[in-house]
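1. Sequence plus predicted model, see below.
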Amino acid sequence: MNHDNVKFLRLTTGDDVISEIVEIEESGILQYQLINPLKVLYLTGGKNGYIQVAFAPWVFNRICKKQEFTLKENNVIMVSDVTESMIEYYFETIDQFDDAQKEKESVKFTEEEYEGAEEELEALREMIEQLKQNKGTFH
């Protein structure tokens, strides 16, 4: 976790991203390798109308398990240093996402639990069928 490598990027797509970055030059073309990029979300409202900042995965790990991406320099409008508090929030968020993913992957079901889920699913299918027959009214 090198805090010096965490940068704010505004992309030509309009996305604002905070990420660990590594600059790479290939054939005279500058590229940025983004490691664990998070999209910056701006939330309005709250007390006194302040704008709050939240992070979301830039690309969800269901799409790309390895969270490393390379951007050409012409896809980036600007790169800037990030405040220390944002860097801490960035790493806390990465840890939370990692913990949630590990917890999700560790969930295992027994055969009995699968059978119970199948029975519940069948009961839901029957309810839906009843709703269709009663034109949306369920008794």
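-> Arrived safely, thanks for sending.

2. What residues sit buried inside whatever helix or strand Tyr90 lives in?
-> Element membership of Tyr90 [criterion: DSSP states H and E] is helix 84-106. Buried positions in helix 84-106, judged by neighbour count with 16 or more other Cβ atoms under 10 Å: Met86, Ile87, Tyr89, Tyr90, Thr93, Ile94, Phe97. Just so you know, the C-beta spots here come from the backbone N, C-alpha and C atoms, and that holds for glycine as well.

3. Now render those residues as TSV, adding pLDDT.
-> Below are these laid out as TSV (pLDDT from 0 to 100):
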residue	pLDDT
Met86	94
Ile87	95
Tyr89	93
Tyr90	94
Thr93	92
Ile94	91
Phe97	82
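
4. Export those as a markdown table, with columns for distance to Glu23.
-> Converted to a markdown table, the buried residues of helix 84-106 look like this (distance: Cβ to Cβ, whole Å):
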| residue | distance to Glu23 |
| --- | --- |
| Met86 | 20 |
| Ile87 | 18 |
| Tyr89 | 23 |
| Tyr90 | 18 |
| Thr93 | 23 |
| Ile94 | 20 |
| Phe97 | 25 |
